[in-house]
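Asks: One predicted model, sequence on top.
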Number of protein chains: 2
Amino acid sequence: MTVKYIDFSDEKPLYAQVVEAIKQKISDNYWTLGMMISSENELAKEFDVSVGTIKKALSVLVQEGILYRRQGRGTFVASPDFSKSFSRFFRYGQFKGEASEVPGSQFLSAEVIPAPTEIAAALQLVAGDDILFMKRVRTLQEIPFCVEEIYLPYSRFKGLENLDLGKKLLYPIYNQNFSTPIFWAEEFLQPDTATGEVADLLNIPMNSPVMCVERIAYTYEDIPVEWRRSMGRGDSFRYHIVIR
Amino acid sequence: MTVKYIDFSDEKPLYAQVVEAIKQKISDNYWTLGMMISSENELAKEFDVSVGTIKKALSVLVQEGILYRRQGRGTFVASPDFSKSFSRFFRYGQFKGEASEVPGSQFLSAEVIPAPTEIAAALQLVAGDDILFMKRVRTLQEIPFCVEEIYLPYSRFKGLENLDLGKKLLYPIYNQNFSTPIFWAEEFLQPDTATGEVADLLNIPMNSPVMCVERIAYTYEDIPVEWRRSMGRGDSFRYHIVIR
DNA sequence: AAGTGGTCTAGACCACCAT
DNA sequence: TGGTGGTCTAGACCACTTT
């Protein structure tokens, strides 16, 4: 484990160095998801800076969603929950305030292939590197609403194809089985119409509207570790976003 | 103009009260878009709190995008620029790093009608209230990429229909001519296929993919003042978003 | 009672900008 | 040179949680 010290002669502000150091400790699994980290006073002693500087650094990390704090309890490593934000985008069979249901998954294939150039570029690999390619249909209340293609660097996820992925979500598996917590992601949305295969899998007429969502998921260290494309039924897809 | 004072016996933190007071002054047009507000020291004297508390309040307002600060210059009221974030969603004829071009507009209609129930609800009006309804085609390099329907409460925007809206953006007009700066917005995205009319206006085949974006735009005081629906060409629409 | 984070103060010093 | 925001300190007091 690499330890970062605070360099008082560095031009970079002390609180920013503390931010980096704490991120490093999380990356190194010194502190893991959900764990309480050291208190303000302990951190101040450890880094030999004032409590105020620690407060500033922690507020930055809270702002970035890496930590959360509870008065009287402590400061904890946040567990980002994509399943929530994901299912929120779909209104299929959902009524106001209804508890969101975990979608089911039916895997169609899982195989190791050489990386296509587009995928290799997005995942910062060399074209031809081993890629685990999976295809699945996602369902809510037994009704298919989404077809997904998922590409993973095989060197990191060796053996994932042998696991029983029945009703489990993928991101907790990335985290628990492969020490690869997903921390953030970017998505590209584009409207499209259903091809014969997709229409068949989603049980909708050919050429009816579908939403194409391409996502690249990243670790704490901003390493891209998953590329996926989802084709969602147009009539059940409604993406909500607040600007500023 | 209503003046807010700081209540030291209030349970609400002082910095939060300062945040409210500054927001109020902006709402009251005491400080307007782009204007420099009082310095930290002046604010501390004015509100009779410490500079540290002012710093905390200002950092909240910067976080919310209401203010921006420049070392050595001062603290200013931010001018949100939706045109930038808007055009970013479309890749039509855009190459990497190319300067974004302001879309042209061709108005098809502008008339005052009684508010449809759905629009009235979204704009917090009574069904039947006067609504200014406008329809336009937006173009980039003379090529249509988007059809828009815009609904505005007529009581607030009386006379807008008589302005020459040739190549101007709407939000600066809302701000300058109607004292209604748009501060934030929410959008709902859904894929669809082009009807005959939309296909005709966009010069694409019927039933080809389009992105339907419904937007509600709000003021500083969270009053909804515009409802619009944009139908964008599927092949030129690519929405990018970062999650967390 | 002890420990945590949340608020608030009063100051110091610095980097940056305008004049 | 004087005013601005940015960083950092050392402390006080409070609200909340756990034991």
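Replies: It's in.
Asks: The worst-scoring helix or strand of chain A on mean pLDDT: what's the following helix or strand?
Replies: Sorted by mean pLDDT, DSSP states H and E, the helices and strands of chain A end with helix A:82-88, the least confident at a mean of 53. Toward the C-terminal end, the helix or strand that comes next after helix A:82-88 (DSSP states H and E) is strand A:104-114.
Asks: Parallel or antiparallel, list what pairs with that following strand.
Replies: Applying DSSP bridges, strand A:104-114 is found paired with strand A:130-140 (antiparallel).
Asks: Any chance of the backbone angles for the most centrally placed residue in chain A?
Replies: With distances taken as C-alpha atoms, centre = their mean, A:Ile182 lies nearest the centre of chain A, 3.6 Å away. Note on A:Ile182: backbone dihedrals following degrees, to the nearest 10 are phi -80, psi 130.
Asks: Could you point out which residue ranges in chain A have low pLDDT?
Replies: A:1-4, A:81-102, A:244 (pLDDT under 70).
Asks: Show me what the residue of chain A found nearest chain B is bridged to.
Replies: Proximity of chain A to chain B (C-beta to the nearest C-beta) peaks at A:Pro191, 3.5 Å away. Where C-beta positions appear, they are placed from N, C-alpha and C, glycine not excepted. Per DSSP bridges, the residues bridged to A:Pro191 are A:Met211.
Asks: Against B:Gln190, how distant is it?
Replies: For A:Pro191, the distance to B:Gln190 equals 8 Å [C-beta to C-beta, to the nearest Å].
Asks: hey, what's in contact with both of the two?
Replies: Common neighbours of A:Pro191 and B:Gln190 (criterion: C-beta atoms under 8 Å, 6 or more residues apart in numbering or on different chains): A:211, A:234, B:211.
Asks: any idea which of the residues you listed is closest to DNA strand D?
Replies: B:Met211 (37.8 Å; C-beta to the nearest atom of the strand).
Asks: where's the residue of chain A closest to chain B relative to DNA strand D, distance?
Replies: When distance is defined by C-beta to the nearest atom of the strand, to the nearest Å, A:Pro191 is 41 Å away from DNA strand D.
Asks: isn't that residue right up against A:Pro209?
Replies: Yes - with contacts counted by C-beta atoms under 8 Å, A:Pro191 reaches A:Pro209, the gap being 6.3 Å.
Asks: got any residues that touch both of the two?
Replies: Contacts common to A:Pro191 and A:Pro209, judged by C-beta under 8 Å, 6+ apart, are A:234, B:191-192, B:209.
Asks: Dump those residues to JSON lines, plus neighbour count.
Replies: Shown next, in JSON lines, are the shared contacts of A:Pro191 and A:Pro209 (neighbours: other C-beta atoms under 10 Å in any protein chain shown):
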{"residue": "A:Gly234", "neighbour count": "23"}
{"residue": "B:Pro191", "neighbour count": "28"}
{"residue": "B:Asp192", "neighbour count": "20"}
{"residue": "B:Pro209", "neighbour count": "25"}
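Asks: export the residues you listed to TSV and tack on distance to B:Met36?
Replies: As requested, the shared contacts of A:Pro191 and A:Pro209 are exported to TSV (distance: C-beta to C-beta, whole Å):
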residue	distance to B:Met36
A:Gly234	48
B:Pro191	45
B:Asp192	46
B:Pro209	47
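Asks: near DNA strand C, which of those residues show up?
Replies: Contacts with DNA strand C within these, as defined by C-beta under 7 Å from any atom of the strand: none are present.
Asks: give me every residue that touches A:Ile241.
Replies: B:186-187, B:189, B:241.
Asks: gap between the residue nearest to A:Phe178 when sequence neighbours are not counted and DNA strand D?
Replies: Nearest residue to A:Phe178, sequence neighbours excluded (C-beta to C-beta, 6 or more residues apart in numbering or on different chains): A:Phe157, at 5.6 Å. The spacing between A:Phe157 and DNA strand D, counted by C-beta to the nearest atom of the strand, is 36 Å.
Asks: Using ChimeraX, define a selection of the buried residues within the contacts of A:Ile241.
Replies: Restricted to buried positions by 16 or more other C-beta atoms under 10 Å in any protein chain shown, the ChimeraX selection for these reads:
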select /B:187,189
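Asks: Can I get stretch A:224-232 in CSV, CA atoms only?
Replies: Provided in CSV are the C-alpha atoms of stretch A:224-232 (Å, rounded to 0.1, in the frame of the first residue of the first chain):
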residue,chain,number,x,y,z
PRO,A,224,-13.2,2.4,-17.1
VAL,A,225,-14.1,-1.2,-16.3
GLU,A,226,-17.5,-1.8,-18.0
TRP,A,227,-19.0,-0.9,-21.3
ARG,A,228,-22.7,-1.6,-21.8
ARG,A,229,-25.4,-0.9,-24.2
SER,A,230,-29.0,-1.1,-23.2
MET,A,231,-32.0,-1.1,-25.6
GLY,A,232,-35.1,-0.2,-23.6
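Asks: quick one, strands of chain A?
Replies: For chain A, applying DSSP state E gives strands covering A:67-70, A:74-77, A:104-114, A:130-140, A:143-153, A:184-193, A:209-218, A:224-233, A:239-243.
Asks: and A:Lys25, how many neighbours does it have?
Replies: 18 (other C-beta atoms under 10 Å in any protein chain shown).
Asks: OK, contacts around it?
Replies: A:31, A:37.
Asks: Excluding residues flanking it in the chain, which one is nearest A:Thr114?
Replies: Quick fix: residue A:114 reads Pro, not Thr. A:Gly128 (4.5 Å).
Asks: what does chain A put close to DNA strand D?
Replies: A:13-16, A:49-53, A:56, A:70-73.
Asks: Please repeat the previous calculation with a cut-off of 10 Å.
Replies: Contact residues, chain A versus DNA strand D (C-beta under 10 Å from any atom of the strand): A:6, A:8, A:10-19, A:40, A:44, A:47-57, A:60, A:70-74.
Asks: And the buried ones among those, selectable in PyMOL?
Replies: Entered in PyMOL, the line below selects the buried ones among those, by 16+ other C-beta under 10 Å:
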select buried, chain A and resi 6+14+15+17+18+19+40+44+47+49+53+54+56+57+60
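Asks: filter the residues of chain A next to DNA strand D down to the ones near DNA strand C?
Replies: Answer for these near DNA strand C (C-beta under 10 Å from any atom of the strand): A:11, A:13, A:40, A:44, A:50-52, A:54-55, A:70-74.
Asks: Could you work out the most separated pair of these?
Replies: A:Glu11 and A:Gly72 (37.0 Å; C-beta to C-beta).
Asks: which ones are touching A:Ser109?
Replies: With contacts defined as C-beta under 8 Å, 6+ apart, A:Ser109 is in contact with A:133-135.
Asks: Thought A:Val210 was touching A:Met231, still the case?
Replies: Yes - the pair A:Met231 and A:Val210 passes the contact test of C-beta under 8 Å, sitting 4.9 Å apart.
Asks: Perfect, that will be all.
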